[in-house]
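what follows is a predicted structure for the sequence shown.
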Amino acid sequence: MDFLMQYNLAGLVIGVATFLIIGLFHPLVIKGEYHFGVKCWWVFLVMGIAAVVASIAVRHILWSTLLAVWGASSFWSIGELFEQRQRVAKGWFPKKGENRT
């Protein structure tokens, strides 16, 4: 961690990690809605609350920031889960049990 701070790389690490976290949540929302519907929204809520609480508890700025990004992405994913349901209804994504031809 000292290396990152000494060479001013913490911002770059936070940026790359944020990109990866958001990129991870995109397929989680799609797969979650596909397999469980919107019933799994509470998983994102619990993850978000846990990440935000951990972010407040952690003193190191890098880890605190990444936990906050994880929490915010979790909360954002709740809304995206319900939007995904609408995208499936429009036929933009397959419904579970549909043949993919």
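Cool, the structure landed. Numbering: from 1, shown residues only.

helices of this protein, residue ranges please.
Here the chain has its helices, by DSSP state H, at 2-6, 10-36, 41-57, 61-89.

give me phi/psi at residue 90?
As for residue 90, its main-chain torsions (degrees, to the nearest 10) stand at phi -80, psi -10.

what is the neighbour count of it?
By the criterion of other CB atoms under 10 Å, residue 90 has 8 neighbours. The way it works is simple: take the backbone N, C-alpha and C, and place the C-beta from them, glycine included.

just to revisit the earlier point, wait, which of the helices of the chain is closest to residue 97?
Closest approach to residue 97 among the helices of the chain is made by helix 10-36 (10.0 Å; CB to CB).

out of the helices of the chain, which is closest to residue 96?
Among the helices of the chain, helix 10-36 comes nearest to residue 96, with 5.5 Å by CB to CB.

among the helices of the chain, which is the most enclosed?
With neighbours defined by mean count of other CB atoms under 10 Å, none of the helices of the chain is more surrounded on average than helix 61-89, at a mean of 17.

which helices and strands does that one pack with?
Helix 61-89 sits against helix 10-36, helix 41-57, with contacts defined as 3 or more CB pairs under 8 Å, 6 or more residues apart in numbering; DSSP states H and E.

tell me what the last one is packed against?
By that I understand helix 41-57. Helices and strands touching helix 41-57, by 3+ CB pairs under 8 Å, 6+ apart, are helix 61-89.

the helix it packs on to helix 41-57, inter-axis angle?
Computed by axes from the mean of the first three to the mean of the last three CA atoms, to 10 degrees, the angle separating helix 61-89 from helix 41-57 equals 160 degrees.

quick check: mean pLDDT across helix 61-89?
Mean pLDDT, helix 61-89: 95.

give me the angle between that helix and helix 10-36.
Angle, helix 61-89 to helix 10-36, by the same axes, to 10 degrees: 30 degrees.

just to revisit the earlier point, kindly reformat the helices and strands packed on helix 61-89 as TSV containing distance to residue 78.
As requested, the helices and strands packed on helix 61-89 are arranged in TSV below (distance: least, CB to CB, whole Å):
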stretch	distance to residue 78
helix 10-36	9
helix 41-57	5
